[in-house]
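Asker: give the three-dimensional model of this entry:
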Amino acid sequence: MKTILSTAFVAAILAAPAFAAGTHGGDHHDEMEVGKPGDAHHVDREIRVSMRETGDGEMLFEPRNFSFSKGETIKFSITNSGDLEHEFVLDTAERNVLHKQMMAKMDMEHDDPNSVRLDAGGQGEVVWTFSNAGSFEFACLIPGHYESGMHGPVVVK
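Answerer: All right, here's what the predicted structure looks like:
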């Protein structure tokens, strides 16, 4: 049986430090270090993202990296073009590592505005405002996927 956990619950378990602008809880208006949920009616750009695996066992996102301007709201239109379940999670690299370790201990799904989990052939979206400059990461945190190459940098200038 899969467990659906909110970021608030995961953050409490991980005892992650709170970001100065607020903690990221189950409330979809909270801000994280990587930014905050965006308004779908005020999107600056739409980016199509494909998630898939290759014949040699590599798992990847296309495109493999992103660069945005601070304050930009992006609609990520995400397609799982592979044969396995994949997810797209935006966060800091450090928090993704901690979250990945937690996911390895239990079968869980996310119910957060910074992520979407899709079955093979599935489509979804994440609308996100990058309100803070810095280096962040997008990743698939399903056990084994990150290690197979399913992560990439997000630079916000």
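Asker: and for E125, the neighbour number?
Answerer: The burial metric for E125, expressed as a neighbour count using other CB atoms under 10 Å, is 14. Every C-beta, even on glycine, is put in place using the N, C-alpha and C of the backbone.
Asker: for it, give the beta-bridge partners.
Answerer: According to DSSP bridges, the residues that bridge with E125 are S77.
Asker: just checking, it touches I78?
Answerer: Yes. Using CB atoms under 8 Å, E125 makes contact with I78 at a distance of 6.3 Å.
Asker: what sits in contact with each of those two?
Answerer: A shared contact of E125 and I78, defined by CB atoms under 8 Å, 6 or more residues apart in numbering, is any residue touching both; here these are V116.
Asker: biggest helix in this structure by residues?
Answerer: Of all the segments assigned as helix in the chain under DSSP state H, the longest by residue count is helix 93-105.
Asker: that helix: which residues count as buried?
Answerer: By neighbour count, and taking 16 or more other CB atoms under 10 Å as the criterion, the buried residues in helix 93-105 are R95, N96, L98, H99, K100, M103.
Asker: please enumerate the helices of this protein.
Answerer: Per DSSP H, the chain carries helices over the ranges 7-14, 93-105.
Asker: lowest average pLDDT across the ones you listed?
Answerer: Comparing mean pLDDT across the helices of the chain, the weakest is helix 7-14, with a mean of 40.
Asker: average pLDDT across stretch 78-85?
Answerer: 97.
Asker: could you do stretch 56-74 as well?
Answerer: If you average the per-residue pLDDT over stretch 56-74, you get 97.
Asker: what lies in contact with that stretch?
Answerer: 38-39, 42-47, 49-54, 82, 84, 86, 88, 127-133, 138, 140, 145, 148-157.
Asker: dump the buried residues of helix 93-105 to JSON lines, plus distance to N65.
Answerer: As requested, the buried residues of helix 93-105 are arranged in JSON lines below (distance: CB to CB, whole Å):
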{"residue": "R95", "distance to N65": "18"}
{"residue": "N96", "distance to N65": "15"}
{"residue": "L98", "distance to N65": "22"}
{"residue": "H99", "distance to N65": "20"}
{"residue": "K100", "distance to N65": "19"}
{"residue": "M103", "distance to N65": "23"}
